[in-house]
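Novice: only geometry, no sequence info:
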């Protein structure tokens, strides 16, 4: 398994800020909203974290830098607790573990040997399976919010390194800029 953080650490930093990485963080928000529909609080331990309902498959086919990823898998495992407060706000204390992983089973080898008499630079069957992953990126939100929808903006800010109190950070969280 190739770990991208080891072989290309600068590229991985860029990968985390790409729009494709954060375009499906609403799956995490929707998971927590669903769990709180008829409850005042809900919690999950790290060992029992939600893995399946929050998986995303970003499409990098139009991305000039990461197009070779195609449609890849982004795990967005989540755990922690969310509690509805008496004032209508929510106490959010959650962690999301983001990790890219993919397995290319349709790899074919290229015969680029200078001695090749036939099939120079052509694919041939029998290619080896290739897999990669990133180290998990841990994002924690410990904050009181007006709406659970704010989790999406908070996650986007954390992934992209945006300050929650900046103009863009406020916009991501609330959808409006407050003066």
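Specialist: Noted; the coordinates are in hand. Please read all numbers here as calculations on a predicted model, not as lab measurements.

Novice: For residue 78, give me its contacts.
Specialist: Applying CB atoms under 8 Å, 6 or more residues apart in numbering to residue 78 gives the contacts 28, 31-32, 44, 49-50, 54, 94-97. Any C-beta I mention is one placed from the backbone N, CA and C, and that applies to glycine too.

Novice: Give the bridge partners for it, please.
Specialist: residue 50, residue 96 (DSSP bridges).

Novice: Could you check how far it is from residue 96?
Specialist: Between residue 78 and residue 96 the computed distance is 5 Å (CB to CB, to the nearest Å).

Novice: any common contacting residues for those two?
Specialist: What both residue 78 and residue 96 touch, as defined by CB under 8 Å, 6+ apart, is the set 28, 54.

Novice: Counting neighbours, which of the contacts of residue 78 comes out on top?
Specialist: Tallying neighbours with other CB atoms under 10 Å puts residue 96 at the head of these, with 26 neighbours.

Novice: Need the three-state assignment for the residue lying closest to residue 134 once chain neighbours are set aside.
Specialist: Closest residue in space to residue 134, ignoring its immediate chain neighbours: residue 100 at 4.5 Å, by CB to CB, 6 or more residues apart in numbering. At residue 100 the chain is in strand, as set by DSSP: H, G, I helix; E, B strand; the rest coil.

Novice: Adjust the sequence numbering to begin at 853 for everything that follows.
Specialist: I'll keep to 853 as the first residue from here, and by that count the last item is residue 952.

Novice: burial count for residue 952?
Specialist: 23.

Novice: rewinding a little: just name the closest of the contacts of residue 930 to residue 939, please.
Specialist: Nearest to residue 939 among the contacts of residue 930 is residue 884, at 18.6 Å by CB to CB.

Novice: contacting residues for that closest one?
Specialist: Taking CB under 8 Å, 6+ apart as the contact definition, residue 884 lies against 894, 930, 934, 944, 946, 1000, 1003.

Novice: what ranges do the strands span in the chain?
Specialist: 854-855, 893-896, 925-936, 942-956, 961-963, 974-976, 982-985, 989-997 (DSSP state E).

Novice: and of those, who's closest to residue 916?
Specialist: With CB to CB as the measure, strand 942-956 is the member of the strands of the chain nearest residue 916 (17.8 Å).

Novice: Lovely, talk soon.
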